[in-house]
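I would like the atomic coordinates for the input below:
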Amino acid sequence: MLKTKLIGNRAFYRRVLAVAVPIMIQNGITNFVGLLDNIMVGRIGTEQMSGVAIVNQLIMIYYLCIFGGIAGAGIFTAQYYGEENDEGIRHTFRFKLWMALALTALAITVFCVFGTKLIGAYLGGSGDGGDMAKTLLSGTSYMRIMLLGLPAFMLLQVYAGTLRECGQTLVPMKAGIAAVAVNLTFNYLLIYGKFGFPEMGVEGAAAATVLSRYVEAAAVIIWTHTHKSQNTYIKGLYKTLLLPAGMAKRFFIKGLPLLVNETMWSGGMAMLTQCYSLRGLSVIAGLNIANTINNVFNVVFIAMGDAVAIIIGQLLGAGKMKEARDTDNKLIAFSVASCVVIAALMAAAAPLFPKLYNTTPQAKELAVSFIIAQAIFMPQNAFMHATYFTLRSGGKTIVTFLFDSVFMWCVSVPVAYVLSRYTSIWAVYIFALVQMADWVKCVIGFILVKKGVWLQNIVKNQS
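Have a look, this model is predicted:
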């Protein structure tokens, strides 16, 4: 009985992989190039690598705000698609566009005014293994150029998110591959000054990333508008950017907890990193190295979360509640089982990967320990990620807000704050204890998914 409940047939896995694999490939290639980018910067020196890592942690808050800001409307998009309602999809698209514009304008303003102070907040620990002033200079130079890429990122997420929610995952994947090629090529040319290009260091890495963002966004936008037969909702999309006030209110109310959640969660992650940074510059460098390879291996459970959102959202929109519950059980089991294997591979790579960096021995040793710790907790994170997207697919955004960011600020951040400031515990142990606190979330997620509180069609009779 348990086997039947948790393991699907071949048709099930073909369907899941058809959705998840393109997302895995796109995210995997993007993160792999991010890894190469990180290595290239890391070979310049510890200060440059740490400065870039701090800025990327801060800009990640903006990225997740965009994801959260458009995710509420995205829930409706998936269900409207299941209902075959093009006008509903057009309304969700317009809402996403307005929300993304507002968040991008706000982010650029904040980073321009407070960017240097935000970077400096991570440089209050010991200067072991590097020059703090040089790290700050590298970070501010990198941030200044990275801000130019935010408009392209914004448009990409609006278009690519809508395509995925409508079952079209191959196009964003192909655009991501093209962007990766551009990023990798210009990283090499601009960081080191090859073939007559200027040697720009961290600024070159930022310029290459910005260029790749525009290439990726252009590819997705052009394809969407030149394939109207496949994207029927695109017809008449820009005849107006207005949408019914009632719909806008529903999208906003449903999406606000997700926006606040992603903002608070990403801010919490930045705060956790700041706590770890009090142990010194070597910890920032070691954690950056570990996070870089962790991002590559994490693509499996990240993509499975997207698969849960898309497949379950479409089933709920079509009113297939029993099938949605059965499919969700199998999706969660598949995600966790896959990550047990992935985690083993990541742990095996731990002693080798840090050797690629031009940094201190202490930073490399810390990186190995952080990588092993991240691998140990990967299956746990896969389970939490899948349960989060299950709850979200049924519109339970208040529950996911409490489940995710409220828990982060009420439990995870206080644990890290107290341990980093009032004890001398090794930074890796602090990281492990923060992860262990998430066991409470695992129990809560299991109970909520099993009770089926997420089994609801939120678009029925609301067109």
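
packing partners of the helix or strand containing Ala386?
Element membership of Ala386, judged by DSSP states H and E, is helix 378-393. If contacts are counted by 3 or more Cβ pairs under 8 Å, 6 or more residues apart in numbering; DSSP states H and E, helix 378-393 sits against helix 46-83, helix 299-317, helix 321-349, helix 397-401, helix 439-451. Where you see a C-beta, it was placed from the backbone N, CA and C, and this is true even at glycine.

what bits of the protein have low per-residue confidence?
In the predicted model, the chain carries pLDDT under 70 at residues 1-4, 6, 8, 26, 30, 33-34, 124-130, 458-463.

can you redo the helices and strands packed on helix 378-393 as TSV with mean neighbour count?
Conversion of the helices and strands packed on helix 378-393 to TSV gives the following (neighbours: other Cβ atoms under 10 Å):
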stretch	mean neighbour count
helix 46-83	25
helix 299-317	24
helix 321-349	18
helix 397-401	21
helix 439-451	15
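
report the angle between the helix holding Ala386 and helix 439-451.
Relative orientation of helix 378-393 versus helix 439-451 (axes from the mean of the first three to the mean of the last three Cα atoms, to 10 degrees): 40 degrees.

and the nearest residue to Ile430 once chain neighbours are set aside, helix, strand or coil?
Spatial nearest neighbour of Ile430, chain neighbours left out: Leu419 (4.7 Å); criterion: Cβ to Cβ, 6 or more residues apart in numbering. State at Leu419, reduced to three classes by DSSP: H, G, I helix; E, B strand; the rest coil: helix.

quick one: contacts for Leu419?
Leu419 is in contact with Cys275, Ile425, Ile430, Leu433, counting by Cβ atoms under 8 Å, 6 or more residues apart in numbering.

which residue ranges of the stretch 1-150 of the chain form helices?
2-6, 10-42, 46-83, 86-120, 132-146, 150-165 (DSSP state H, counting those that start in this stretch).

which of those sits most buried?
Mean neighbours per residue, mean count of other Cβ atoms under 10 Å, is largest over those for helix 46-83, with a mean of 25.

how near is the residue most central in space within the chain to Ile191?
The structure's the chain has its C-alpha centroid closest to Leu64; by Cα atoms, centre = their mean the separation is 6.5 Å. Going from Leu64 to Ile191 by Cβ to Cβ, to the nearest Å gives 27 Å.

equivalent analysis for Val215, please.
For Val215 relative to Ile191 (Cβ to Cβ), the value is 18 Å.

which of the two has more residues huddled nearby?
Neighbour count, other Cβ atoms under 10 Å: between Val215 and Ile191, Ile191 has more, with 25 against 18.

that one reaches Ile44, doesn't it?
Yes: with contact taken as Cβ atoms under 8 Å, Ile191 and Ile44 are classed as touching, separated by 7.4 Å.

common neighbours of the two, please.
With Cβ under 8 Å, 6+ apart as the test, Ile191 and Ile44 both reach Gly201, Val202.

which helix or strand contains Ser230?
Quick fix: residue 230 is Gln, not Ser. Using DSSP H and E, Gln230 falls outside every helix and strand.

also Val296?
Per DSSP H and E: Val296 is located in helix 281-297.

which elements pack onto that helix?
Applying 3+ Cβ pairs under 8 Å, 6+ apart, we find helix 281-297 packed against helix 10-42, helix 46-83, helix 245-277, helix 321-349, helix 361-376, helix 427-437.

and Gln456, helix, strand or coil?
Using three-state DSSP, the three-state assignment for Gln456 comes out as coil.

got a list of what it touches?
Contacts of Gln456 by Cβ under 8 Å, 6+ apart are Leu316, Gly394, Gly395.

is it true that the second one touches Lys451?
By that I understand Gly394. No: the criterion here is Cβ under 8 Å, and Gly394 misses it with Lys451 at 11.6 Å.

isn't Gln57 right next to Met271, touching?
No: contact criterion Cβ under 8 Å: Gln57 and Met271 do not qualify, at 10.1 Å.

one step back: the helix holding Val296 vs helix 321-349, what angle?
Counting by the same axes, to 10 degrees, helix 281-297 points 130 degrees away from the direction of helix 321-349.

using CSV, list the CA coordinates for helix 281-297.
Extracted C-alpha coordinates of helix 281-297, given in CSV (Å, rounded to 0.1, in the frame of the first residue of the first chain):
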residue,chain,number,x,y,z
LEU,A,281,36.5,36.9,6.4
SER,A,282,37.6,33.3,5.9
VAL,A,283,34.1,32.2,6.9
ILE,A,284,32.6,34.5,4.3
ALA,A,285,34.9,33.0,1.7
GLY,A,286,34.4,29.4,2.8
LEU,A,287,30.6,29.8,2.9
ASN,A,288,30.6,31.4,-0.5
ILE,A,289,32.6,28.5,-2.0
ALA,A,290,30.2,26.0,-0.4
ASN,A,291,27.0,27.9,-1.5
THR,A,292,28.3,28.0,-5.1
ILE,A,293,28.5,24.2,-5.4
ASN,A,294,25.4,23.7,-3.3
ASN,A,295,23.4,25.8,-5.8
VAL,A,296,24.4,23.4,-8.6
PHE,A,297,23.3,20.3,-6.7
